[in-house]
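Participant: this is a predicted model, with the sequence first.
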There are 2 protein chains.
Amino acid sequence: MREPDISIEECSYRRALEIVSNKWTALVIYALEGGTIRYGAIKSRIADISQKMLTQTLKQLERDGLVVRKVTPVVPPAVEYALTPLGTTLLPFLRLLKGWSAEHYASVSNAREAYDAAQKDALPG
Amino acid sequence: MREPDISIEECSYRRALEIVSNKWTALVIYALEGGTIRYGAIKSRIADISQKMLTQTLKQLERDGLVVRKVTPVVPPAVEYALTPLGTTLLPFLRLLKGWSAEHYASVSNAREAYDAAQKDALPG
DNA sequence: TGGCATACGAACTTCAAGGTGCGTAAAGGA
DNA sequence: TCCTTTACGCACCTTGAAGTTCGTATGCCA
């Protein structure tokens, strides 16, 4: 194995993760899972998300073709969002992720605590 | 829907993504998929990864209990890495991700180009 | 005697993601 | 006349992830 056979640019994992791994993206998709929903409704469903972050996340998702934006020209403005067919193809993946988390996250937590405890013991000697 | 029912802390998606979504993590797991492998071999398989980043990524994976580190006390030191059983539970998820990317990433690229083109058209008018 | 190889640690810098706060439009109600 | 509502845009600041560089142990070989 002298030449590298793995690179960031070609990596499918990376490419897909870059789409979904922003801080709020998964939460927004989750909020959209139930169907068309207004901007304000998304905001009130997701705890601690700011207007800027929600707008920014939705714009990225729209740019990536995962979400459609429907503006109703009313005053005050009414904007609805929904997953596109492409966006819904992400759902199985997110559900698997959720299942993995439910099944194995506790093991990760335990491993972390054990690791950190071992580090602490090693130091003071 | 007045009260938020989605939050970052409780979100399974987020929890799992935080483990895997670091820049090099998925690539390192991919390199480990074939079995036990030495530090230097991982480094030469992954293009453009620095020593620091590889060490740091491996240490995180070890802390999370996804990877085991076996040191052979030789000079110069020889260190081998392998996925733990917990680590291998991530593989189906990564494979699904890879499949999604192969199937749909082109659509995302196209959507981006279309979106950016539309933005450019809107400005100069 | 001194340089090489392996797998790191630590200090420093850079850069983009994320966060805060302010301003905006237009209609309608007090 | 002023405030409220909705869904933003813009400017600034902070934070932490990532990258760069240098140092380190210790046997071996020339």
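Facilitator: Everything's here; your move.
Participant: ok, the spatially most central residue of chain A - contacts?
Facilitator: Of all residues in chain A, the one closest to the mean position by C-alpha atoms, centre = their mean is residue A:26, 2.4 Å from it. Shown in contact with residue A:26 (C-beta atoms under 8 Å, 6 or more residues apart in numbering or on different chains): A:20, A:94, A:97, B:11, B:13-14, B:17. C-betas here are computed from N, CA, C, even on glycine.
Participant: burial measure for the closest residue to DNA strand C within chain A, as a count.
Facilitator: Nearest residue of chain A to DNA strand C: residue A:23, at 3.2 Å (C-beta to the nearest atom of the strand). Neighbourhood size, residue A:23 [other C-beta atoms under 10 Å in any protein chain shown]: 14.
Participant: same check on residue A:31?
Facilitator: There are 23 residues near residue A:31, going by other C-beta under 10 Å.
Participant: so it sits against residue A:42, correct?
Facilitator: Yes: the pair residue A:31 and residue A:42 qualifies as a contact (C-beta atoms under 8 Å) at a distance of 4.9 Å.
Participant: need the residues of chain A near DNA strand C, please.
Facilitator: A:22-24, A:50-53, A:75-77 (C-beta under 7 Å from any atom of the strand).
Participant: take the residues you listed and write them to a markdown table, including secondary structure and pLDDT.
Facilitator: Listed next are the residues of chain A next to DNA strand C as a markdown table, based on DSSP: H, G, I helix; E, B strand; the rest coil; pLDDT from 0 to 100:
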| residue | secondary structure | pLDDT |
| --- | --- | --- |
| A:22 | coil | 95 |
| A:23 | coil | 96 |
| A:24 | coil | 97 |
| A:50 | coil | 95 |
| A:51 | helix | 95 |
| A:52 | helix | 96 |
| A:53 | helix | 97 |
| A:75 | coil | 87 |
| A:76 | coil | 90 |
| A:77 | coil | 92 |
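Participant: could you measure from residue A:99 over to residue B:91?
Facilitator: 14 Å (C-beta to C-beta, to the nearest Å).
Participant: swap that for residue A:38, sorry
Facilitator: 39 Å.
Participant: whichever helix in chain A runs longest near DNA strand D at all?
Facilitator: Looking across chain A with DSSP state H, the single longest helix is helix A:91-122. No: using C-beta under 7 Å from any atom of the strand, helix A:91-122 stays clear of DNA strand D, coming no nearer than 14.2 Å.
Participant: from the contacts of residue A:26, list the buried ones, please.
Facilitator: Neighbour counting with 16 or more other C-beta atoms under 10 Å in any protein chain shown marks A:20, A:94, A:97, B:11, B:13-14, B:17 as buried within the contacts of residue A:26.
Participant: please name the nearest non-neighbouring residue to residue A:64.
Facilitator: residue B:108 (5.0 Å; C-beta to C-beta, 6 or more residues apart in numbering or on different chains).
Participant: hang on, isn't that neighbour packed against residue A:19?
Facilitator: Yes: checked against C-beta under 8 Å, the pair residue B:108 and residue A:19 is within contact range at 6.5 Å.
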